[in-house]
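**Student:** Got a sequence here, can you model it:
(one chain, ligands or ions: 3)
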Amino acid sequence: NTLLSIESSCDETAVSIIKVKKNAEGQIISLNILAHEVESQMESHAPFGGVVPEVAARDHLAKIYEIANKALQVSRLKKSDLSAIAVTMGPGLIGALMVGVLFARGLAMALNIPLISVNHVDAHLAPALLLKQFSPKDDLRAWHDVDTITYPALALTVSGGHCHLSLLNSPTDRTILGKSLDDACGEAFDKVAKLLGMSYPGGPLIEELAKQAEKSGNINEFTFPNKPANKENRYNFSYSGIKTSVMETIRKETGIKKGKITGKDLSKEKKQGIAYAFQNAALSQLLNRVENALQDYPEIKSVLVAGGVAQNKKFRALFSKLNKPTYFAPPSLCSDNATMIALQAALSENAEGFIQHPFAKYH
Ligand code: ATP
Ligand code: MG
Ligand code: FE
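**Tutor:** Numbering: from 1, shown residues only. Ligands and ions are numbered 1, 2, ... in the order given. The predicted structure follows:
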């Protein structure tokens, strides 16, 4: 099966092509990534400090045709070699989604092949489930031996819009244990970066500032409250409190009582200290919920970690504390891309061939 996939839910326009082989039981026995094209709209949104939905939709519309053509070129395939199209159906920005969905639907219709709809948050986990190694320099490699993860597994997906903790009995049998009650973790990184006067996306910038704080030993000046889990609420996340507390700290430090905070009155050292303390609080909350689940479900055999925030090196290092085999999504497949959409489609199809899911499901 050769699958072309499209992702356009937020601010990346992406098209991938993968080849999947399955055995008679429907298990994936080999995967080849034939094309992996991702075009970020970061520059279009940076001046606004966040993603502007209307700008995103227009950007996708301007680029999607060329990116799809480029993917076909890179794969050295013809359109007639494709056996199915997969597309992100949601969740995401509706205008942005529509561009990808309608393009995918048109392509599937013209080629008379099935269209597979994929849930974007589920798809973030697919690279952790399937791919052990994948780097941008080496992104066309074939990958075998896909069935190494032992179940039940605990999965943590931490992205710009979601925090999901879930229990998996197989790659597709998943129960959600906890979610964010307010802001998502990546969103909090972005908002705190904005308060410190930095551009979007804030995650990598905060990580860098925190590293500098560590280097200069500037790590004790600030601490931010971490929302502790309680008995009824052991797996849910909350990030709006930390964000507000960062804001109050900056107001106190700068004496700015009202109006917008831009971070420009803070010294470099203060910014580093705040970034370090914020990152610490944000990441330790994630690990805490994982520890709670491992305590409550001793049968869990492995841990999976994925989503944009999983690129954070400090975060990845925290998991070495747990006494469980941990599988991370490869860094180049953590933030939005279309390869994860294709992988999720490959996981969810049945053994006979690709299937078409109902459209309305994810809205
Ligand atoms: P969703 O998938 O929930 O719809 P999204 O697609 O915008 O949201 P992703 O692309 O998975 O999210 O991830 C982007 C988020 O990851 C941003 O919030 C970004 O700040 C965060 N992020 C990226 N790199 C890092 C890092 N090194 N440390 C912390 N956060 C990071
Ligand atoms: Mg993005
Ligand atoms: Fe995403």
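**Student:** Figure out the helix or strand that residue 97 lives in.
**Tutor:** Using DSSP states H and E, the secondary-structure element containing residue 97 is helix 94-111.
**Student:** who does the following helix or strand past that helix pair up with?
**Tutor:** Remark: after helix 94-111, the chain's next helix or strand is strand 115-119, criterion DSSP H and E. Taking DSSP bridges as the criterion, strand 115-119 pairs within the sheet with strand 84-90 (parallel).
**Student:** Show me what counts as buried in the partner strand.
**Tutor:** Neighbour-count burial for strand 84-90, with 16 or more other C-beta atoms under 10 Å as criterion, is recorded at 84-90. C-betas here are computed from N, CA, C, even on glycine.
**Student:** Serialize those to CSV and add fields for pLDDT and distance to residue 41.
**Tutor:** Written out in CSV, the entries for the buried residues of strand 84-90 read as follows (pLDDT from 0 to 100; distance: C-beta to C-beta, whole Å):
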residue, pLDDT, distance to residue 41
84, 94, 27
85, 95, 22
86, 95, 21
87, 95, 18
88, 95, 15
89, 91, 20
90, 91, 19
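**Student:** you'd agree residue 131 is up against residue 31?
**Tutor:** Yes - using C-beta atoms under 8 Å as the test, residue 131 is close enough to residue 31 to be in contact (7.5 Å).
**Student:** Please determine whether stretch 302-319 lies in contact with ligand 3.
**Tutor:** No - no part of stretch 302-319 sits near ligand 3 under the criterion C-beta under 5 Å from the ion; the closest distance found is 6.3 Å.
**Student:** between the buried residues of strand 84-90, which is nearest residue 47?
**Tutor:** When the buried residues of strand 84-90 are ranked by distance to residue 47 (C-beta to C-beta), residue 88 comes first, at 25.7 Å.
**Student:** Report the separation between the closest one and residue 112.
**Tutor:** Taking C-beta to C-beta, to the nearest Å as the measure, residue 88 and residue 112 are separated by 22 Å.
**Student:** Poorly predicted segments of the stretch 1-150 of the chain, please.
**Tutor:** 132-147 (pLDDT under 70).
**Student:** Verify the stated contact: residue 315 with residue 307.
**Tutor:** No - under the criterion of C-beta under 8 Å, residue 315 lies out of contact with residue 307, with a separation of 10.3 Å.
**Student:** Can you show me the strands along the stretch 151-300 of the chain?
**Tutor:** If DSSP state E, counting those that start in this stretch is used as the criterion, the strands of the stretch 151-300 of the chain fall at 153-158, 163-168, 174-179.
**Student:** Report the angle between the second one and strand 153-158.
**Tutor:** Put plainly, it is strand 163-168. Strand 163-168 and strand 153-158 meet at an angle of 160 degrees, taking axes from the mean of the first three to the mean of the last three C-alpha atoms, to 10 degrees as the criterion.
**Student:** Adding mean neighbour count, write the strands of the stretch 151-300 of the chain out as TSV.
**Tutor:** TSV is the format used below for those (neighbours: other C-beta atoms under 10 Å):
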stretch	mean neighbour count
strand 153-158	26
strand 163-168	23
strand 174-179	16
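**Student:** Rebuild those as JSON lines, extending it with distance to residue 220.
**Tutor:** Conversion of these to JSON lines gives the following (distance: least, C-beta to C-beta, whole Å):
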{"stretch": "strand 153-158", "distance to residue 220": "26"}
{"stretch": "strand 163-168", "distance to residue 220": "28"}
{"stretch": "strand 174-179", "distance to residue 220": "31"}
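**Student:** Turn the ones you listed into JSON lines, columns for mean pLDDT and distance to ligand 3.
**Tutor:** Supplementary listing: the strands of the stretch 151-300 of the chain in JSON lines, determined by pLDDT from 0 to 100; distance: least, C-beta to the ion, whole Å:
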{"stretch": "strand 153-158", "mean pLDDT": "98", "distance to ligand 3": "9"}
{"stretch": "strand 163-168", "mean pLDDT": "96", "distance to ligand 3": "11"}
{"stretch": "strand 174-179", "mean pLDDT": "95", "distance to ligand 3": "15"}
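**Student:** Mind putting those strands into TSV with distance to ligand 2?
**Tutor:** Converted to TSV, the strands of the stretch 151-300 of the chain look like this (distance: least, C-beta to the ion, whole Å):
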stretch	distance to ligand 2
strand 153-158	14
strand 163-168	16
strand 174-179	20
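**Student:** Pull up the residues of the stretch 151-300 of the chain that are close to ligand 3.
**Tutor:** The stretch 151-300 of the chain comes close to ligand 3 at residues residue 159, as judged by C-beta under 5 Å from the ion.
**Student:** what's the closest non-adjacent residue to the one residue in the stretch 201-350 of the chain that gets nearest to ligand 2?
**Tutor:** Using C-beta to the ion, the point where the stretch 201-350 of the chain gets nearest to ligand 2 is residue 336, with a distance of 4.8 Å. Nearest residue to residue 336, sequence neighbours excluded (C-beta to C-beta, 6 or more residues apart in numbering): residue 12, at 4.1 Å.
**Student:** Kindly report the same for residue 221.
**Tutor:** With sequence-adjacent residues excluded and distances taken as C-beta to C-beta, 6+ apart, residue 221 is closest to residue 273, at 4.4 Å.
**Student:** tell me the contacts of the one you found?
**Tutor:** Residue 273 makes contact with 213, 218-219, 221-222, according to C-beta atoms under 8 Å, 6 or more residues apart in numbering.
**Student:** Let's see if you can find the most crowded of the residues you listed.
**Tutor:** Highest neighbour count within these: residue 213, with 26 neighbours (other C-beta atoms under 10 Å).
**Student:** Residues in a beta bridge with the residue nearest to residue 336, which ones?
**Tutor:** Taking DSSP bridges, one obtains residue 40 as the residues bridged to residue 12.
**Student:** ok, it to ligand 1 distance?
**Tutor:** Distance of residue 12 to ligand 1, computed by C-beta to the nearest ligand atom, to the nearest Å: 7 Å.
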